[in-house]
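In: predicted model and sequence below, questions to follow.
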Amino acid sequence: MDSQKNAKMQALREQGSLNRRPQHVTASVFKGGKFFDPYDLVQVKYEMLRCVRAEGYTVAQAAAAFGFSRVAFYQIKAIYEQGGLPALIPKHRGPKHGHKITDTVFAFINRCLTQDKTLRSPALAQLVRKQFGISVHPRSIERALARPLKKGR
């Protein structure tokens, strides 16, 4: 793979738009061409939608040729109709930041550490579970303790 292709792959990976299943894209426009790239997920999604609208593909044909299910086709179509091309860029899933370690939980962790400086994050996670009934990963505790203190904490 040449350096230009590597740079593009890295950019797609960083943006979250790298198609993890390019081998499933069997549409003829993606075979051997220089413009169409089966690794570019946004391009693959858009071209799939375009083929149904402009080329007369059935939904089943387009979904199969572009490596998606029919259900995924309809989801992609709805997203595109709602937000246009930018909406096809995948969004990061899951929580965007720690949400279990609230100020109250953080204060509890600090009190525990003040009383016993030998406590490590697995033991702190058990204490949090016992005190608040929530499951917190030890690494989340380590991250919270490493963060700069917020105003009001």
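Out: Nice, thanks for sending it over.

In: check the gap between Arg120 and Glu142 for me.
Out: Distance from Arg120 to Glu142, counting by Cβ to Cβ, to the nearest Å: 9 Å. To be clear about C-beta, it is placed using only N, CA and C from the backbone, and glycine gets the same treatment.

In: of those two, which one has the most company?
Out: Legend: neighbour count by other Cβ atoms under 10 Å for Arg120 and Glu142, higher for Glu142 (14 against 11).

In: show the average pLDDT along the helix or strand Cys112 falls within.
Out: For Cys112, the enclosing helix or strand under DSSP states H and E is helix 103-115. For helix 103-115, the mean pLDDT works out to 94.

In: quick one: list the elements packing against it.
Out: In terms of contacts (3 or more Cβ pairs under 8 Å, 6 or more residues apart in numbering; DSSP states H and E), helix 103-115 is packed against helix 121-132, helix 138-146.

In: what angle separates it from helix 121-132?
Out: In terms of direction (axes from the mean of the first three to the mean of the last three Cα atoms, to 10 degrees), helix 103-115 departs from helix 121-132 by 130 degrees.

In: pull out the buried positions in helix 103-115.
Out: Neighbour counts over helix 103-115 (16 or more other Cβ atoms under 10 Å) mark 105-106, 108-109, 112 as buried.
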